[in-house]
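# When you get a sec, could you give me coordinates for this:
(chains A and B)
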Amino acid sequence: MALSKSDKLLNFFPENMRAEWERYNFDFNDVREVRLRVNQPVRVLCDREIRLAMVYGERDMEEIFRYLCHDSVYAYEEERKQGYIMADGGHRIGITGELAALENGRFIAKYIRYINIRLAHEHKSIAEGIIDYVCEAGSGQPLNTLIVSPPGLGKTTLLRDTIRLLSNGVGDFGGCNVGVVDERGEIAGAYRGSALLDCGERTDVITGGNKRQGISILVRTFAPRVIAIDEIGGEPDAQSIFYAGVSGCGVIATAHGRSLDDVKKKRELTCLFEQNIFKRFILISAGSGTSRYASIYDERGNELCGRKLLRAYA
Amino acid sequence: MTGAFGFGYALCQEMNNVLFNFKEQKRLLLYIINGISFMHMPMEEILRTSGDRLKEPYRAFASKIAERMGQRSGKALYEIWQDEVRLLQKSGQCPKAAAATLLRIGESFGCEGDKMQIDALRLIEAELADEIDNRTHENEDKEKLIRTLSVLAGLFCVVLFI
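Purely as a prediction, here's the structure:
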């Protein structure tokens, strides 16, 4: 039996909580986030924020968490230490509450009291307008590109579609091997290692591990022309990208920031900017509702394309 | 004489059936523990893969639970597990004593860390191992007694008829 539009959302909740969600009958495709806070009304983020007349207590939150972990909490320990778990379909579920220190200096959420279900949506063809700027004129060689935006504006969605177009080919560009280092499984919607979202036919996806390991494996054994990475931030990430860049692979990455200056100010990434590793910068900004715009800059900060519409308001 | 011998044989079979169930449950537990400790797999995956390696009715039992978990119907693992144990009992494939252990396995799921989960399962595994040992010795003794008694009962009937 085919799932209705609201059934997909029900999949995140145990049976005894589903009746209430069924009443609201949300269209899964419209929902971007579901925020559950202990003893506070549930909030659903579509094109606007909706406050629901539902309140979950401590035990409810624990029950939801256990259900999200498929009753196998132990299997999600490593992800839990990083503050999230991945669900089937590439949806990232942020979890936090009271943290407990572990022996190795890391932390784990002991009491889970806040859950943020971020739903991954595929928006195909949104990168068609920017792909010409990402590939070098003439040779068609993909250029090292950094996609920048504040959280929640669709960096990963744009990255995924760019990967798909580079992998399958578009226009005169015939496509190439693309390696994806998907630490959190968000780019490819990876679940148990399999990419569930369309990343193209010539794409190899490494899930889990870290960027350094992933890039090393891809460069040595999969010969990608482009390596895609999500959310760079730390110094090890910068070193890994530098390694990929000097190994002859193109790199497409994303980073949090409101402007290019924000990103350039990050000390950990300084080496990448000093060495001019990135040749293109794509800055995403929000318009009304869910519409998104992209501005494209070259390595010197010259604007190549100003506020191009990526996605119209649905 | 054949009737008496047949009755004795059926009784031995019944005892061996309980033992078979315990042995298969122990194998299921070993697969689960290995799946957690070496592969770090979620229960759905473990049950799906271990189901192929078990004998009936446990093959179908494990596979069915994995399938139902995959459907994300909203039921917790222990609820699905309980449902399936009940069905197994209803079908007459699982004696009462074996069903009780199976239910205990179901109740032990949901531990936070892998070490804790493994320890909880190992406890049941150790008890199962003891139970299997005891029953093996007990069955050997009882089987001899039952067979001897059934043959004697048969002979007695033959003498009586003559």
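# which ones are touching the closest residue to chain B within the stretch 151-300 of chain A?
In the stretch 151-300 of chain A, no residue comes nearer to chain B than A:Arg192, which is 7.2 Å away by Cβ to the nearest Cβ. Yep, even glycine has a C-beta here, placed from its N, CA and C like the rest. Neighbour list for A:Arg192: B:Glu45 [criterion: Cβ atoms under 8 Å, 6 or more residues apart in numbering or on different chains].
# helices or strands up against the lengthiest helix in chain B?
Ranked by residue count under DSSP state H, the longest helix found in chain B is helix B:114-161. In terms of contacts (3 or more Cβ pairs under 8 Å, 6 or more residues apart in numbering or on different chains; DSSP states H and E), helix B:114-161 is packed against helix B:2-34, helix B:96-107.
# How far does that helix sit from its chain's centre?
Centroid displacement of helix B:114-161 relative to its chain, using Cα atoms, centre = their mean, to the nearest Å, is 13 Å.
# One more: stretch A:223-233?
Worked out by Cα atoms, centre = their mean, stretch A:223-233 lies 13 Å from the chain centre.
# what does stretch A:264-279 give?
Mean C-alpha position of stretch A:264-279 versus that of the full chain (Cα atoms, centre = their mean) differs by 21 Å.
# Name all residues that make contact with the spatially most central residue of chain B.
By Cα atoms, centre = their mean, chain B has its centre lying nearest to B:Asn21, at 2.7 Å. Counting by Cβ under 8 Å, 6+ apart, B:Asn21 touches B:Cys94, B:Pro95, B:Ala98.
# Run through the residues that contact the last one.
Looking back up the chat, that one is B:Ala98. Counting by Cβ under 8 Å, 6+ apart, B:Ala98 has contacts B:Val18, B:Asn21, B:Phe22, B:Gln25.
# was I right about A:Glu268 contacting A:Asp237?
Yes: with contacts counted by Cβ atoms under 8 Å, A:Glu268 reaches A:Asp237, the gap being 7.4 Å.
# Compare these two and say which one has the larger neighbour count.
Higher neighbour count among A:Glu268 and A:Asp237: A:Asp237, with 23 against 14, using other Cβ atoms under 10 Å in any protein chain shown.
# so that one makes contact with A:Asp230?
No: under the criterion of Cβ under 8 Å, A:Asp237 is not in contact with A:Asp230, lying 10.2 Å apart.
# circling back to that earlier point, mean pLDDT lowest where, among the helices and strands packed on helix B:114-161?
Sorting the helices and strands packed on helix B:114-161 by mean pLDDT places helix B:2-34 lowest, at a mean of 79.
# quick one: secondary structure of the residue of chain B found nearest chain A?
Chain B approaches chain A most closely through B:Gly74 (3.0 Å), counting by Cβ to the nearest Cβ. Following DSSP: H, G, I helix; E, B strand; the rest coil, B:Gly74 is assigned to coil.
# Next, count neighbours for it.
16.
# just A:Arg300 next, same as before
Look at A:Arg300: counted by other Cβ under 10 Å, it has 7 neighbours.
# quick one: the strands in chain A?
In chain A, the strands defined using DSSP state E lie at A:33-37, A:41-45, A:49-55, A:84-87, A:91-101, A:107-118, A:145-149, A:178-182, A:203-207, A:226-229, A:250-256, A:280-286, A:292-298, A:303-311.
# TSV please, covering those and showing mean neighbour count, mean pLDDT and distance to B:Ile32.
Listed next are these as TSV, based on neighbours: other Cβ atoms under 10 Å in any protein chain shown; pLDDT from 0 to 100; distance: least, Cβ to Cβ, whole Å:
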stretch	mean neighbour count	mean pLDDT	distance to B:Ile32
strand A:33-37	19	93	30
strand A:41-45	18	92	35
strand A:49-55	13	90	35
strand A:84-87	22	84	21
strand A:91-101	16	84	25
strand A:107-118	19	85	23
strand A:145-149	25	92	43
strand A:178-182	28	92	29
strand A:203-207	22	91	24
strand A:226-229	28	92	36
strand A:250-256	24	91	39
strand A:280-286	21	90	46
strand A:292-298	20	88	46
strand A:303-311	15	75	45
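# closest one to B:Ile162 among those strands?
Evaluated over those, closeness to B:Ile162 peaks at strand A:84-87, with 77.2 Å, by Cβ to Cβ.
# Mind listing the strands the closest one pairs with, and their directions?
Neighbouring strands of strand A:84-87 in its sheet, by DSSP bridges, are strand A:91-101 (antiparallel).
# Many thanks, have a good one.
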